[in-house]
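Asker: below is the sequence, then the predicted model.
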Amino acid sequence: MRLATWNVNSINARLETVLGWFEEAMPDVAVLQEIKCVDEKFPAEAFERLGYNVAVHGQKTYNGVAMLSKTPMEDIRRGLPGDDGDEQARYIEAVISGPRPVRMAGIYLPNGNPVGTEKFAYKLAWMDRLHRHAAELLKYEEPLVIAGDYNVIPRPEDADKPEGWLGDALFQPESRAAYRALQNLGLTDAFMQMDGSAGEYTFWDYQAGAWPRNHGIRIDHALLSPQAADRLTGFEIHRDVRGREKPSDHVPVVVELNI
DNA sequence: ATGGTAGACCTTCTA
């Protein structure tokens, strides 16, 4: 079973690029971030034609997440629990049906810049809510994948120029500690389990020639419950997609489970 | 010294 995550930076501006990748990669499940549209504007028919069921948690202009699955999705949850006043669409979760069901969550974790503002506080509060919700989900003791744009650079090795990120919310000690705390619950970083090496990135900024200079960072992650980690067989970063026409600043990441 | 690009959309915000 192949499960993908991709921050597409506007699904409607990126539709041809995204469909092109889906036609060749054909993941069984995918979570998309930054779709930047309300539910009604999501191009569901285009994905249905490829054989996917579609679930959307959209928002105008900013954020917005979606989940696509070849088999029906059950128990769909839109929005991260823990703050009824949070209006930002950054979380979607469902159980992917099949002989061995998998619970999949797609997240668009807040960027948090600039540090020292309410945006950074919101990021850390969101990570605390994710921590509490993940602890609840782990109680099911089932295959669980929490994938998405975490907006956290876990280690210096995950940035081409770590010194350039020292003042950034993505590389703050608090952000990195919160990401570690998720793993300390019993979640495994799929990249690390598959012996991913330094210098493998999932994001290159549009600005200042970041892509041609390979000034990348690894911020798109997949965390797995023990029941999923025991079945992990592959982890792919589709780096070449960054060099295509009209690319997102993030590339697709694919997790393979023996399910 | 504070650039550079991309997307949504009303002019500036977010990344």
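Answerer: Structure received.

Asker: okay, which residue is most central for chain A?
Answerer: Nearest to the geometric centre of chain A sits A:Gly148, at 0.7 Å (CA atoms, centre = their mean).

Asker: surely that residue and A:Met104 touch.
Answerer: No. Applying CB atoms under 8 Å, one finds A:Gly148 not in contact with A:Met104, separated by 10.1 Å. Glycine gets a C-beta too; all of them are placed from N, C-alpha and C.

Asker: would you mind listing what in the stretch 1-150 of chain A touches DNA strand B?
Answerer: Within the stretch 1-150 of chain A, the residues that sit near DNA strand B (CB under 7 Å from any atom of the strand) are A:9-10, A:12-14, A:36, A:60-63, A:110-111, A:113, A:119.

Asker: now, among the residues you listed, which is nearest to A:Pro43?
Answerer: Nearest to A:Pro43 among those: A:Asn12, at 6.6 Å, using CB to CB.

Asker: next, the contact list for that closest one, please.
Answerer: By CB atoms under 8 Å, 6 or more residues apart in numbering, the residues touching A:Asn12 are A:36-37, A:41, A:43.

Asker: in ChimeraX, how would I select the buried members of these?
Answerer: Filtering the contacts of A:Asn12 down to the buried ones (16 or more other CB atoms under 10 Å) takes a single ChimeraX command:
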select /A:36,37
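
Asker: ok, the contacts of A:Asn12 vs A:Leu185, which is closest?
Answerer: Within the contacts of A:Asn12, the smallest distance to A:Leu185 is 30.8 Å, found for A:Lys36 (CB to CB).

Asker: Three-state assignment for the nearest residue to the closest one once chain neighbours are set aside, please.
Answerer: With sequence-adjacent residues excluded and distances taken as CB to CB, 6 or more residues apart in numbering, A:Lys36 is closest to A:Ser10, at 4.4 Å. Assigned by DSSP: H, G, I helix; E, B strand; the rest coil, the conformation of A:Ser10 is coil.

Asker: what's around A:Ser10, how many residues?
Answerer: By the criterion of other CB atoms under 10 Å, A:Ser10 has 15 neighbours.

Asker: wait, isn't it in contact with A:Glu34?
Answerer: Yes. Under the criterion of CB under 8 Å, A:Ser10 makes contact with A:Glu34 at 6.8 Å.

Asker: any idea of the pLDDT on A:His221?
Answerer: With respect to pLDDT, A:His221 has a value of 98.
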